[in-house]
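J.: Sequence and predicted structure are below.
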Amino acid sequence: MNIVLIDSGIDATHKAFENVEIINYLYDDIIHSWRMTLKHEVYSGHGTGVASIIINNTEDITIYSFKVFDEQLQCTEEMLLNCLEYVYNNIECSLINMSLGTLQYNEKLYNICKMLENKNVIIISAFSNDGGISYPAAFDCVIGVDASFRCIRNDQFVFVRNSVINVKAKGANQRIAWIDNKYMITQGASYACGYVTNFVIKLYQKGVIKFQDILQEICNKSSYIYETKYIEESTKEIIFDRVALFPYNKEISSIVNFADDYKIQIAGIFEHPRLGHVGMDVKSIYSDQTYKIKSISQCDWDDFDLMVIGHLDEQENQLQIPLKKNLLDKCLRYRKNVYSLDEHYMKEYDYRFAQNNLLLYYPKIQNNFDYSINLGKLYHINVPVVAIFGTSKRQGKFTIQLLLRKYLMEMGYQVGQIGTEPHSLLFKFDCVIPMGYESFNNMNANTLIPFLNKQMHLIEKKGVDIILAGAQSGTIPHAYNNMWYFNNQQLDFLCGIAPDAAVLCINYHDEISYIQRTIKGIEAVGNCAVIALCLFPLGYLNDWDLMNDNKRNIDIEALEMFRKKVENTLNCPVYITGSEDMAERIGERIFRFFGGQ
């Protein structure tokens, strides 16, 4: 049986390999290809140790050893790809063992592994010892191996269902062969991988040669099985031609302002007449479009296919009318799809809308997501991630996300985006994780972080150039004397998206010391850099405004003085939110930060 070991080379003179044929390959920089060598050219005992585990108590084994590691036990992705392609084209083998990998998802690496699987070659790869998800171990065409404290004996396994991890094996301190005919006490997932490969060799020689059959045999052999749920890797896409909006509020205003930019056809804006807004004109601040708020009784139900329903709890309390239920009943009667910004009453209508083949969407956390699916391992995201945070609510965070998204797309970039505002999907964001007003989101760090990480990975796999992620407000507490000041979900969000750079929205009435504390907190927890500040042009002018939550326009001169003061004090550029060149200037900051031209 021919086995390929991609590692640091093997000391074939060790007595552990007396009855094993070993053929060593080295990469020749002169001919730019791999060549066989009889010379004893081993720089590390790592491959020797792994090989000694693989061949233990086996017969009729030939090992083709490919030395890809350098003296520091490092291997480039190019070297690994080159090696696998050479094996595919030149070596007839049954099994490949790799105690190495990369934290970065690489489509070329996946493709060559898939080609080898189609050639009936079994690939077994160890996960990184740093605890993260690594490749090729995480690929669905590779048996991914990790170390487990549950495995004490060499023949003990732990099986994991529906995870990037397939099996765990003994990786604790153990005595293995090393170079110069010596032995070494060491540990790691590499050696756990060797034990799985040893078991698979014996299965293969008994006639068990198919990938799924081998996994089942490992499962049967395992002393413990982790049962995890299967996760459907898909995101919801909202498709519509024309929308009706009810009522007009902060979230709905974003749809009105950016309708032209994001090709949203608005059929009308509606409200209950007793709210006092019917007949008012609503103008987009980024186009010439003007809409007149109409009474819901004037709604032409044939003029749209999707009804967007905003938050109505305050209006229902004021009018003592079940506005939302009335709207949902009418949408059912007139066969209209619904996009609701919260989940009030939604579960009561789920079945009825589905029965009529109508969409009833409301942002919610996927309750079927198994947050332990990868046993704590997280994906490394290999594209630039920029996050937008804020010191408070109502300061244009979502507007900045939309403007920045539009600018980057106009510059030719493929933009992936995660939103925390409920209407994010209407702007073709990849994912919405509701965390704002009426979000009903009670996720903690153990659930939110892996969920965000999974969504980031799915977005990355689409081939985007950059990912934008918008948070809610209050990353760092203003004070510590009341629980309302603490918003731990924002810190969990920060850890889950792990941004490279961040933009912080600030207010005219914010104390500079608090802005500075927020910057330091984001940079420390997120291990990132705050590259720009955006100053909201509205604010509280006195205590009465603060008490009534009434933000007013700030005098231009006062706003500019504060902007310069913050910029000089904190040594960070400050832009006025909504200014004509804001998105362009933030975009330029992003390009410079990531080394773009």
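T.: Right, received. Where do you want to start?

J.: Give me the contacts around the helix or strand bottoming out on mean pLDDT in the chain.
T.: When each helix and strand of the chain is scored by mean pLDDT, DSSP states H and E, helix 543-547 comes last, with a mean of 74. Helix 543-547 is contacted by residues 509, 539-540, 550-552 when judged by CB atoms under 8 Å, 6 or more residues apart in numbering. C-betas here are computed from N, CA, C, even on glycine.

J.: Check those residues for burial and list the buried ones.
T.: 509, 539-540, 551 (16 or more other CB atoms under 10 Å).

J.: ok, which pair from the contacts of helix 543-547 is furthest apart?
T.: Greatest spacing in these, by CB to CB: 509 and 550 (11.8 Å).

J.: hey, C-alpha coordinates of the least confident helix or strand of the chain in PDB?
T.: Output of helix 543-547 as PDB, limited to C-alpha atoms (Å, rounded to 0.1, in the frame of the first residue of the first chain):
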ATOM      1  CA  ASP A 543     -30.200  69.100  29.800                       C
ATOM      2  CA  TRP A 544     -33.800  69.500  28.700                       C
ATOM      3  CA  ASP A 545     -32.900  68.100  25.300                       C
ATOM      4  CA  LEU A 546     -31.100  65.200  26.900                       C
ATOM      5  CA  MET A 547     -34.100  64.500  29.200                       C
END
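
J.: Next SSE downstream of it?
T.: Counting by DSSP states H and E, the next helix or strand C-terminal to helix 543-547 is strand 552-553.

J.: For residue 376, see how far away the residue nearest to the spatial centre of the chain is.
T.: Nearest to the geometric centre of the chain sits residue 456, at 1.5 Å (CA atoms, centre = their mean). Counting by CB to CB, to the nearest Å, the separation of residue 456 from residue 376 is 16 Å.

J.: In this structure residue 423 contacts residue 254, no?
T.: Yes. Applying CB atoms under 8 Å as the test, residue 423 and residue 254 come out as touching, 6.8 Å apart.

J.: got any ranges where the chain has weak pLDDT?
T.: Across the chain, the ranges flagged by pLDDT under 70 are 38-43, 229-236, 365-371, 437-441, 596-597.

J.: let's go with 80 and repeat that
T.: 38-44, 70-73, 228-237, 364-373, 436-445, 484, 541-551, 596-597 (pLDDT under 80).

J.: can the contacts of helix 543-547 go into a markdown table with extra columns for distance to residue 9?
T.: Converted to a markdown table, these look like this (distance: CB to CB, whole Å):
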| residue | distance to residue 9 |
| --- | --- |
| 509 | 65 |
| 539 | 66 |
| 540 | 68 |
| 550 | 72 |
| 551 | 67 |
| 552 | 72 |
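
J.: Name the nearest of those relative to residue 559.
T.: Closest to residue 559 out of these is residue 539 (8.5 Å), distances taken as CB to CB.

J.: Excluding chain neighbours, what is closest to the closest one?
T.: Excluding its sequence neighbours, the residue lying closest to residue 539 (CB to CB, 6 or more residues apart in numbering) is residue 508, at 3.6 Å.
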